[in-house]
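Asks: kindly generate the corresponding structure for this input.
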Amino acid sequence: MREYNVAVLGATGAVGHRLVEQLELSDIPVKSLKLLASPRSAGEKLFFKGEEITVEVAEADSFEGIDLVLASAGGSVSKKFLPEAVKRGAVCVDNTSAFRMDPEVPLVVPEVNADQLQNHKGIIANPNCSTIQMVVALEPIREKFGLNRIVVSTYQAASGAGQTALNEFYQEAQDYLAGEEMQSNIYPTASDKKHYPLAFNLLPQIDVFEEDGYTHEEWKMIHETKKIMLDDMDASELKVTATCVRVPVAIGHGESVYFEINDDKATVHDLQAALTKAPGVVLQDSPSKQVYPQPIEAEGKRDTFVGRVRADSENPGAFHLWVVSDNLLKGAAWNTVQIAEELVKRDLVRVP
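Replies: Alright, predicted model coming up:
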């Protein structure tokens, strides 16, 4: 059996730590593991399969002899280093937004479009966390009943903005409860002009606003969904719109999804049956017993949890459901490692 030399780029971040953990739990036969990060994190030590590994500074030559790169160090870092890794023969799975909309780069959720991996040219993109869980929930419905419209409202956890932002959220909560003024320097997005507290608050802005009034996070959900499901980021046959909200939850995104299908005879029971059989989906849907997905229960789990499946009483052929997933696992680290597992399984860990 072939073994692989693997590098994790951005190993010391919230997602990076989980990449190492998920890699250890995966089926990938790892011959060696190199941990890479910025100069400020170099020298930190992490454990992999009982072995202590020292984090190194990422440089172009760091990828010599590497077969597989798992990256989550920010878009600018990925743009700088991943082409260098590919030049040296590595296949890269990138968890940033750097390459997602590149028509030459597959955007992959294994439960939905793993076959796109055969088209890779050295880089595969991991979608946005909020997009991933939605398409995992909707793909089994689309396959069986058709799908023509999606309206999603997200309830996105603090950790989606990174570890530093999560720490700020915790500090805000402590300050509020102590009767002190909350200091906000990151939310809703660090690059924008104003900042507001997330603790005990809701922020209807994730990322910057586009000219049409949508945030870039909303733009990503719209166009990533189309690219993943239809291999065309501008596909007109599927209508998608989104409102993305940051909520004071540490880990675990929730989404309220309205959708319209093509089969006007389909029932709630039919949809539940399709979801029950779907890979990566756990149906938690018993309203009479108050059983439904919750972020606090999804934390630390790889699955996508679906509940509150119901027909829209005003629109025939329309339904609603509620989706929850750990945004740092299925929304990031686990989906990245899952893509790598598929590459290994299909013997695609090679640059064409």
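
Asks: A helix includes residue 141, no?
Replies: Yes. Assignment of residue 141 by DSSP: H, G, I helix; E, B strand; the rest coil places it within a helix.

Asks: residues in contact with it?
Replies: 147, 259, 261, 271, 274-275 (CB atoms under 8 Å, 6 or more residues apart in numbering). Placement of C-beta: from N, CA and C, glycine included.

Asks: so which of these is the closest to residue 223?
Replies: Taking CB to CB as the measure, residue 147 is the one of the contacts of residue 141 closest to residue 223, at 16.0 Å.

Asks: ok, how many other residues are close to the closest residue to the closest one other than its chain neighbours?
Replies: In space, and not counting its chain neighbours, residue 147 is closest to residue 261: 5.7 Å by CB to CB, 6 or more residues apart in numbering. Neighbour count for residue 261, taken as other CB atoms under 10 Å: 20.

Asks: now do the same for residue 261: its pLDDT.
Replies: For residue 261, the pLDDT comes out at 98.

Asks: that one reaches residue 150, doesn't it?
Replies: No. Using CB atoms under 8 Å, residue 261 is not in contact with residue 150; the gap is 10.5 Å.

Asks: so, low pLDDT: which residues of the protein?
Replies: When residues are selected by pLDDT under 70, none of them lie in the chain.

Asks: give me the phi and psi angles of the residue located most distally from the centre of it.
Replies: Distance to the chain centre peaks in the chain at residue 179, reaching 35.4 Å (criterion: CA atoms, centre = their mean). Dihedral pair for residue 179: phi 80, psi 20, per degrees, to the nearest 10.

Asks: who's in contact with the residue nearest to residue 147?
Replies: Residue 261 touches 141-142, 145-148, 317-319, counting by CB under 8 Å, 6+ apart.

Asks: now with 7 Å, please.
Replies: 141, 145-147, 317 (CB atoms under 7 Å, 6 or more residues apart in numbering).

Asks: how far away is it from residue 243?
Replies: Distance of residue 261 to residue 243, computed by CB to CB, to the nearest Å: 21 Å.

Asks: repeat that for residue 198.
Replies: Distance of residue 198 to residue 243, computed by CB to CB: 17 Å.

Asks: check residue 37 too.
Replies: Using CB to CB, residue 37 is found at 35 Å from residue 243.

Asks: who has more neighbours, the two?
Replies: Applying other CB under 10 Å to residue 37 and residue 243 shows that residue 37 carries more neighbours, namely 23 against 16.

Asks: what sits against that one?
Replies: By CB under 7 Å, 6+ apart, the residues touching residue 37 are 10-12, 55, 58, 73.

Asks: which SSE is residue 182 in?
Replies: For residue 182, there is no enclosing helix or strand under DSSP states H and E.

Asks: mind listing what it touches?
Replies: 172, 175-176, 197, 199.

Asks: may I see the PyMOL selection of the buried members of those residues?
Replies: With 16 or more other CB atoms under 10 Å as the criterion, this PyMOL line picks the buried residues out of these:
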select buried, resi 172+175+197+199
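
Asks: the contacts of residue 182 in helices, which ones?
Replies: Among the contacts of residue 182, DSSP state H puts 172, 175-176 in helices.

Asks: ranges for the strands of this protein?
Replies: For the chain, the strands defined by DSSP state E occupy 4-9, 30-37, 45-48, 51-54, 56-57, 68-71, 91-94, 123-125, 149-156, 239-246, 253-260, 281-283, 304-311, 318-325.

Asks: which one of these lies nearest to residue 17?
Replies: Of all the strands of the chain, the one in closest proximity to residue 17, counting by CB to CB, is strand 45-48 (7.3 Å).

Asks: what's the closest one in contact with?
Replies: So strand 45-48 is in contact with 11, 20, 24, 33, 35, 52-55, going by CB under 7 Å, 6+ apart.

Asks: cutoff 6 Å now
Replies: 20, 24, 33, 35, 52-54 (CB atoms under 6 Å, 6 or more residues apart in numbering).

Asks: mind listing the helices in the stretch 251-352 of the chain by residue range?
Replies: Using DSSP state H, counting those that start in this stretch, the helices of the stretch 251-352 of the chain run over residues 268-277, 295-298, 334-345.

Asks: run through who's touching the second one.
Replies: Contacts of helix 295-298 with the rest of the structure, by CB under 6 Å, 6+ apart, involve 249, 252, 254, 305, 324-326.

Asks: try stretch 18-25
Replies: The contact list for stretch 18-25, computed with CB under 6 Å, 6+ apart, reads 8, 46, 48-49, 70, 328, 333-334, 337.

Asks: one step back: could the contacts of residue 261 go into a markdown table alongside distance to residue 350?
Replies: Formatted as a markdown table, the contacts of residue 261 follow (distance: CB to CB, whole Å):
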| residue | distance to residue 350 |
| --- | --- |
| 141 | 35 |
| 145 | 38 |
| 146 | 36 |
| 147 | 34 |
| 317 | 45 |
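
Asks: out of those, which end up buried?
Replies: Those of these that meet the buried threshold are 141, 145, 147, 317, by 16+ other CB under 10 Å.
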